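Q: Okay, predicted coordinates and the sequence, questions at the end:
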Amino acid sequence: MASLASRSATQALRNTARRAAPRLVSAPIKSQAASYSLLAKAAVAANATSAQKTSSIEGARGIKTLDFAGTKEVVYERSDWPLAKLQDYFKDDTLALIGYGSQGHGQGLNARDNGLNVIVGVRKDGESWKQAMEDGWVPGETLFPIEEAIKKGTIIMNLLSDAAQSQTWHEVAPLITKGKTLYFSHGFSIVYKEDTKVIPPSDVDVILVAPKGSGRTVRTLFKEGRGINSSVAVFQDVTGKAKEKAIALGVGIGSGYMYDTTFEKEVYSDLYGERGVLMGAIQGLFLAQYQVLRKNGHSPSEAFNETVEEATQSLYPLIGAKGMDYMFNACSTTARRGALDWAPVFEKANVPIFEQLYESVKNGTETRKSLEFNGRSTYRQDLAAELEVINNQEIWRAGKTVRSLRPDYKPESE
Ligand SMILES: NC(=O)C1=CN([C@@H]2O[C@H](COP(=O)(O)OP(=O)(O)OC[C@H]3O[C@@H](n4cnc5c(N)ncnc54)[C@H](OP(=O)(O)O)[C@@H]3O)[C@@H](O)[C@H]2O)C=CC1
Ligand SMILES: CC[C@](O)(C(C)=O)C(=O)O
Ligand SMILES: [Mg+2]
Ligand SMILES: [Mg+2]
């Protein structure tokens, strides 16, 4: 098994280099060839290691049934898709990646580095067009206006903003012809079809790979030879191969492990999570704690250190590494006693808010707000203006000074 894995790894590396060569000629970044080969090596090594590990655990590569706290779930892993197999599977395909935001960037570069044939489609001369060029996509070769890219693509990866997916659908839909595959990274457009009007033609596969993390992390994990967790789902299976294609694409864009979901479950949980603990709730909770400390005479640095810096730099990474009880056990018995007492108080206070939030997601209120706001031509400036208000809150201004004292601080990254 091990020698098979290493043979396929070597072959994959050769194929990767072969397929990459023509694209590297036109790439503007001089170090791209070197970094490409490092990336390919990391990806191949990760595939091989993972394959060996799985085979010794299960005897069957690629798909595992695991027990998640008493519920059995299927997990797909990239060891089933060594690079050579992946490249062969997509050898006749052109992945037309439409939109170049956070996900377009991460998924596009990863798929390109995996040796797949990727082109990008965005508004000509918009912000994304510039960013794509900076990342080495070449106008007329691998970078096109949206319509042209869709015409050239066989797999249409719709990574426009969710609002733009709806706004552009009347132009996009006629180009999604029989035999193409329609791919999303969010269940949004399909599930809220009453509002988005996105109703795919009935003769194409419609699939979803939703990375459970920022597009920036999709890229950095890939570069480290690791992979992001992603959800996969099939909305429409015309070819009988939709699921397999979704999993292969998931590997292609840099997923390590993929979990089964539906379009509906993905969008409900995602909209809920980002408004909740991942983003909205955490900003609200940090701010509330900070404000009360300040009202009681604590200095900005003390309030920030006790609220954000200690959380992000010391305690939350411990939760990430080994769970909540591990973090609790790494803290004093005094802290443990108090936190154990107060956790249910916070839970009780917050359950009604989370229930209200889930309902607002489910009944489409959140979707309609997002479509209206992000559908404005000024969406970038409008979001930036609101984020500037947060940036100017005392808590985050104090944070800048606290960060500046870190040994690895780089002023240009602020
Ligand atoms: N951000 C993330 O990490 C995650 C995102 N997703 C999902 O992935 C998809 C893409 O999200 P994300 O990468 O964040 O992108 P954004 O939501 O930031 O959208 C940006 C892209 O949409 C384009 N766009 C916006 N409005 C228009 C318009 N009216 N016409 C044409 N193009 C337009 C922008 O082009 P221009 O520069 O020209 O305005 C840009 O390329 C979404 O479905 C999202 O929910 C899923 C997981 C995580
Ligand atoms: C948490 C926000 C997110 O859902 C994500 C990075 O997963 C998004 O839509 O960007
Ligand atoms: Mg989201
Ligand atoms: Mg998300």
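A: Perfect, I can see it now. Ligands and ions are numbered 1, 2, ... in the order given.

Q: What is the neighbour count of Asp92?
A: Neighbour count of Asp92, defined by other CB atoms under 10 Å: 8. In this view, the C-beta of every residue, glycine as well, is placed from N, C-alpha and C.

Q: going forward, begin numbering at 58 instead of 1
A: Noted, 58 is the first residue going forward, which turns the last one into Asp149.

Q: List the contacts of it.
A: Thr211 (CB atoms under 8 Å, 6 or more residues apart in numbering).

Q: Any buried residues in stretch 378-396, and which?
A: Neighbour-count burial for stretch 378-396, counted by 16 or more other CB atoms under 10 Å, picks out 384-385.

Q: typed the wrong thing, it's stretch 214-234
A: Within stretch 214-234, the residues that count as buried by 16+ other CB under 10 Å are 214-226, 229, 232-233.

Q: can you give me the helices for the stretch 158-307 of the chain?
A: Along the stretch 158-307 of the chain, counting by DSSP state H, counting those that start in this stretch, helices occupy 159-170, 184-191, 203-209, 219-229, 245-248, 250-253, 272-280, 299-309.

Q: Take those and lay them out in a markdown table including mean pLDDT.
A: Formatted as a markdown table, those follow (pLDDT from 0 to 100):
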| stretch | mean pLDDT |
| --- | --- |
| helix 159-170 | 98 |
| helix 184-191 | 97 |
| helix 203-209 | 98 |
| helix 219-229 | 98 |
| helix 245-248 | 98 |
| helix 250-253 | 98 |
| helix 272-280 | 98 |
| helix 299-309 | 98 |
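
Q: As CSV, those helices with distance to Ile264 would be great.
A: Shown next, in CSV, are those (distance: least, CB to CB, whole Å):
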stretch, distance to Ile264
helix 159-170, 14
helix 184-191, 23
helix 203-209, 16
helix 219-229, 15
helix 245-248, 10
helix 250-253, 16
helix 272-280, 17
helix 299-309, 4
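
Q: Lys419: which of these is closest?
A: Closest of these to Lys419 is helix 245-248, at 10.1 Å (criterion: CB to CB).

Q: Over in the stretch 108-257 of the chain, which residue gets nearest ligand 3? Let me know.
A: His243 (6.2 Å; CB to the ion).

Q: Look up phi and psi at that residue.
A: phi -160, psi 150 (degrees, to the nearest 10).

Q: wouldn't it be in contact with Asp219 here?
A: Yes - with contact defined as CB atoms under 8 Å, His243 reaches Asp219; the gap is 6.2 Å.

Q: Distance-wise, check Val229 relative to Lys235.
A: Distance of Val229 to Lys235, given as CB to CB, to the nearest Å: 15 Å.

Q: what's the answer for Val334, then?
A: Distance, Val334 to Lys235, by CB to CB: 42 Å.

Q: Settle it for me: which of these two has more neighbours?
A: Ranked by neighbour count (other CB under 10 Å), Val334 and Lys235 place Val334 first, with 13 against 9.

Q: remind me which residues of this structure are low pLDDT?
A: Applying pLDDT under 70 to the chain flags residues 58-118.

Q: Regarding it, what is its longest strand?
A: The longest strand of the chain (DSSP state E) is strand 285-293.

Q: From the chain's centroid, how far away is that one?
A: In this view, strand 285-293 has its centroid 12 Å away from the chain centroid, taken as CA atoms, centre = their mean, to the nearest Å.

Q: before we move on, back to that, wait, which of the buried residues of stretch 214-234 is closest to ligand 2?
A: Asp219 (8.4 Å; CB to the nearest ligand atom).

Q: OK, contacts around that closest one?
A: Here Asp219 is in contact with 243, 245-246, 253, 427-428, 431 (CB under 8 Å, 6+ apart).

Q: Just the buried subset of those, please.
A: Buried among the contacts of Asp219 (16+ other CB under 10 Å): 243, 245-246, 253, 427-428, 431.

Q: any residues touching the longest strand of the chain, and which ones?
A: So strand 285-293 is contacted by 133, 244, 247, 257, 259, 261-270, 274-275, 278-279, 299-300, 303-304, 307, 310-320, 322-323 (CB under 8 Å, 6+ apart).

Q: quick one: it to helix 272-280, angle?
A: With axes from the mean of the first three to the mean of the last three CA atoms, to 10 degrees applied, the angle from strand 285-293 to helix 272-280 works out at 110 degrees.

Q: Which residues does Tyr128 form beta bridges with?
A: Rather than Tyr, residue 128 is Thr. Beta-bridge partners of Thr128, counted by DSSP bridges, are Phe125.

Q: How about Tyr133?
A: Assigned bridge partners for Tyr133, using DSSP bridges, are Ile120, Met315.

Q: neighbours of it, just the number please.
A: 24.

Q: Next: Gly183.
A: 12.

Q: And the buried ones among the contacts of Asp219, which is closest to Leu462?
A: Asn431 (36.9 Å).

Q: If we ignore the residues flanking it in sequence, what's nearest the residue of the stretch 108-257 of the chain found nearest ligand 2?
A: Closest contact between the stretch 108-257 of the chain and ligand 2, by CB to the nearest ligand atom, is at Ser159 (6.6 Å). Once flanking residues are discounted, Ser159 sits nearest to Gly272: 3.2 Å by CB to CB, 6 or more residues apart in numbering.

Q: hang on, the earlier thing: my guess is the residue of the stretch 108-257 of the chain closest to ligand 2 contacts Pro268. True?
A: No - counting by CB under 8 Å, Ser159 stays clear of Pro268, with 9.8 Å between them.

Q: Tell me the spacing between Asp219 and Ile212.
A: Taking CB to CB, one finds Asp219 at 19 Å from Ile212.

Q: Give me the distance from the lengthiest helix in the chain to the chain's centre.
A: Longest helix in the chain by number of residues, with DSSP state H as the criterion: helix 390-419. Averaging C-alpha positions (CA atoms, centre = their mean) puts helix 390-419 27 Å from its chain's average.

Q: Which residues belonging to it are considered buried?
A: Quick answer for helix 390-419 (16+ other CB under 10 Å): 414-415, 417-418.

Q: of these, closest to Val175?
A: For the buried residues of helix 390-419, the nearest to Val175 is Val418 (32.1 Å; CB to CB).
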